[in-house]
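**Student:** Below is the sequence, then the predicted model.
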Amino acid sequence: MKKMRIMRLLVMLSILVIILSACSGNNANGDEKSSEKGGDVYTFKVSHVTQESHVWHQTALKFGEELEKLSDGRMKLEIYPASQLGLEKDMAQQLETGSLDFGFLTNAYMSTRQDSLNAWFMPFTFKNLEEAVKMRESEAAKQMLEDLNSQGLVGLDFIFAGNRHILMKNGHVSSPQDLKGKKIRIIGSPAIQEFWEKVGAGPTAMPLSEVYTSLQTGVIDGIDIDLDALVTEKYYENAENLTLTNHITFPSVIVMSQKTYGKLTTEDQEIVKKALKAAADWGVQEAIQRENKNLEELKKHGVKVKELTDTSAFDSIAKEVKDKYAEKSPVIKKFLEEAKQ
Ligand code: BEZ
């Protein structure tokens, strides 16, 4: 009799375990389950620093759609925009521990952790965004992604916010002389800082969230910015002189936590890579289209636009920066050689 009761209890417990595991929320951090179609079910987390209207967020949405489609619904993506999970240094830490699965990190932040990523910030390497986007396929760019392995990350791809230009409260820019002693907001990155110092300006690193007020109050004279951020954040309300310089490009490096990647089957790793590639291909084309749309939008808002067609006044500064970084990093040397081809 006692044996029977124990048996019944065991059967009931087994049923309960099966029901509970079928109902549990599944994520990429351990509690996955098998779907009827075969394979584990995942809800991945991705985070980035931009607003929802930004092309990086739109690319993340596309990535989510592709993941669901290619995995027959087994893989889903939760997106945390606008630094909801913390600053980029926090995100990098979360990626290392595996509590975050994907990051669309600014190349600027990542260039403080990996020298070779400064390649994208070699001054006046690209005339327009199309030229920068082509370098995504370069051997040097692939090497940069591979080198991220040493940081507990799987480097997947680059997407772009656009090329960077200069917005000033007073006057346009035709030579370094126009920038001497001016306080210019930059995003922190070794090569960007170096360029602006050599120009003779006062580069001031600050987060996007502080830029609007700093321009308004005159704490800074101008900003180094891409057109998408300029439109989204409405900086033109406080400074109206835009010089289209294309002096650098502005990528995001898309990374995955090695911890998460290691938990996936080879087939699921392929699904992730395929979905990401499709999203990034879409994202770079969208960024190119937005470059023109954003410019039209800015003109509608009364921004005075001037194109810097002759960049020769910056040649010696650009060469100094490039020579220094090419000597420091063979990957940057290769990148600059490939960019010339
Ligand atoms: C910036 O800080 O300048 C920035 C960051 C992310 C996207 C675009 C711009």
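**Tutor:** Great, that's in hand.

**Student:** Which positions in the stretch 1-150 of the chain make contact with the ligand?
**Tutor:** 49, 50, 106 (C-beta under 6 Å from any ligand atom). For every residue, glycine as well, the C-beta is placed using N, CA and C.

**Student:** next one: the stretch 151-300 of the chain
**Tutor:** Going by C-beta under 6 Å from any ligand atom, the residues of the stretch 151-300 of the chain near the ligand are 161, 187, 208, 226, 229.

**Student:** please redo it, this time with the cut-off set to 5 Å
**Tutor:** 161, 187, 208, 229 (C-beta under 5 Å from any ligand atom).

**Student:** Neighbour-wise, which one of the residues you listed leads?
**Tutor:** Counting neighbours by other C-beta atoms under 10 Å, the top entry in those is residue 161, with 26 neighbours.

**Student:** For that one, list the residues it contacts.
**Tutor:** By C-beta atoms under 8 Å, 6 or more residues apart in numbering, the residues touching residue 161 are 50, 54, 55, 56, 226, 228, 229, 250, 251, 252, 287.

**Student:** Now flag whichever of those is closest to the ligand.
**Tutor:** residue 229 (4.1 Å; C-beta to the nearest ligand atom).

**Student:** State whether the closest one and residue 212 are indeed in contact, as I suppose.
**Tutor:** No: the pair residue 229 / residue 212 is not scored as a contact, 11.0 Å apart, by C-beta atoms under 8 Å.

**Student:** shared neighbours of the two, which are they?
**Tutor:** Counting by C-beta under 8 Å, 6+ apart, the shared contacts of residue 229 and residue 212 are residue 235.

**Student:** Now do the helices in the protein.
**Tutor:** Along the chain, counting by DSSP state H, helices occupy 2-23, 55-70, 88-97, 107-111, 129-134, 139-147, 190-199, 208-217, 227-233, 258-263, 266-300, 315-328, 330-340.

**Student:** packing partners for the last one?
**Tutor:** Counting by 3 or more C-beta pairs under 8 Å, 6 or more residues apart in numbering; DSSP states H and E, the packing neighbours recorded for helix 330-340 are helix 139-147, helix 315-328.

**Student:** buried sites along that helix?
**Tutor:** Buried positions in helix 330-340, judged by neighbour count with 16 or more other C-beta atoms under 10 Å: 331, 332, 333, 334, 335, 336, 338, 339.

**Student:** Let me know the closest of these to residue 92.
**Tutor:** For the buried residues of helix 330-340, the residue nearest residue 92 by C-beta to C-beta is residue 331; the value is 19.9 Å.

**Student:** Can you give me the distance of the closest one to residue 296?
**Tutor:** Taking C-beta to C-beta, to the nearest Å as the measure, residue 331 and residue 296 are separated by 37 Å.

**Student:** hmm, back to that, quick one: which of the contacts of residue 161 is the most crowded by neighbours?
**Tutor:** Counting neighbours by other C-beta under 10 Å, residue 251 leads the contacts of residue 161 with 31 neighbours.

**Student:** Quickly list what it is bridged to.
**Tutor:** Legend: beta-bridge partners of residue 251 under DSSP bridges are residue 160.

**Student:** In the stretch 1-150 of the chain, where is pLDDT below threshold?
**Tutor:** For the stretch 1-150 of the chain, the stretches flagged by pLDDT under 70 are 1-37.

**Student:** show me what contacts the residue nearest the centre of the chain?
**Tutor:** With distances taken as C-alpha atoms, centre = their mean, residue 252 lies nearest the centre of the chain, 2.0 Å away. With C-beta under 8 Å, 6+ apart as the criterion, the residues that contact residue 252 are 48, 56, 104, 105, 106, 107, 158, 159, 160, 161.

**Student:** pretty sure the second one is touching residue 283, no?
**Tutor:** Looking back up the chat, that one is residue 56. Yes: counting by C-beta under 8 Å, residue 56 does reach residue 283; the two are 7.3 Å apart.

**Student:** so what's in contact with these two at the same time?
**Tutor:** Joint contacts of residue 56 and residue 283 (C-beta under 8 Å, 6+ apart) are residue 159.

**Student:** quick one, phi/psi of residue 84?
**Tutor:** Here is the backbone geometry of residue 84 (degrees, to the nearest 10): phi -60, psi -30.

**Student:** What's the local residue count around it?
**Tutor:** Residue 84, neighbours per other C-beta under 10 Å, totals 10.

**Student:** Same question for residue 146.
**Tutor:** 13.

**Student:** start the count at 37, not 1, going forward
**Tutor:** Got it, the first residue is 37 from now on, which makes the last one we talked about residue 182.

**Student:** can I assume it is in contact with residue 191?
**Tutor:** Yes: at 6.4 Å, residue 182 counts as touching residue 191 under the criterion of C-beta under 8 Å.

**Student:** now residue 303, nearest residue through space, not along the chain?
**Tutor:** residue 75 (7.3 Å; C-beta to C-beta, 6 or more residues apart in numbering).

**Student:** show me what contacts that neighbour?
**Tutor:** Going by C-beta under 8 Å, 6+ apart, the list of residues near residue 75 reads 107, 110, 301, 303, 304.

**Student:** What's the PyMOL line that selects buried ones from these?
**Tutor:** In PyMOL syntax, the buried subset of the contacts of residue 75 is picked out as below (16+ other C-beta under 10 Å):
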select buried, resi 107+110+304
